[in-house]
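Peer 1: Any chance you can model this:
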Amino acid sequence: MKYQPPSRETLRQLKERLGYTNGQMADLFGVSTGRQFHKYLSDEDKREMGFHVLMYGAMQLALMAGPVTNIQQVFDAAQSIGAMIEMQ
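Peer 2: So this is what the prediction gives:
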């Protein structure tokens with residue numbers, strides 16, 4: 001599998017579109033605090049989002065849209081926020 005996490009910019013756009021605080025984004029992606037999530041957005045304190053964190057958040061986003069009936073819906077949600085996932 002090839003994985004590239006979403007960019008800081010696409011995560012910022014998602015946060016803005018949802019109207020969420022860093023704390024709410026932390027809850028959405030299953031990280032401990034808003035400060036921890038901020039590291040995914042920061043240009044100075046850079047941290048790339050791990051695959052497991054992305055998939056947790058993508059599942060939450062997919063569930064916000066309605067029932068999840070297959071894994072492709074989760075992959076689609078992940079890709080909609082800028083992640084690149086290629087199964088080999």
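Peer 1: I'd like the next helix or strand past the lengthiest helix in the chain.
Peer 2: Counting by DSSP state H, the longest helix found in the chain is helix 51-65. In the C-terminal direction, the helix or strand that comes right after helix 51-65 (DSSP states H and E) is helix 71-80.
Peer 1: rewinding a little: the longest helix of the chain packs against which elements?
Peer 2: Judged by 3 or more C-beta pairs under 8 Å, 6 or more residues apart in numbering; DSSP states H and E, helix 51-65 is in contact with helix 22-29, helix 71-80. C-beta coordinates here come from the backbone N, C-alpha and C atoms, glycine included.
Peer 1: Could you rerun that using 10 Å?
Peer 2: If you count contacts as 3 or more C-beta pairs under 10 Å, 6 or more residues apart in numbering; DSSP states H and E, helix 51-65 packs onto strand 2-4, helix 8-18, helix 22-29, helix 34-41, helix 71-80, strand 84-86.
Peer 1: what's the closest of the ones you listed to Val53?
Peer 2: Val53 lies closest to helix 22-29 among the helices and strands packed on helix 51-65, at 5.3 Å (C-beta to C-beta).
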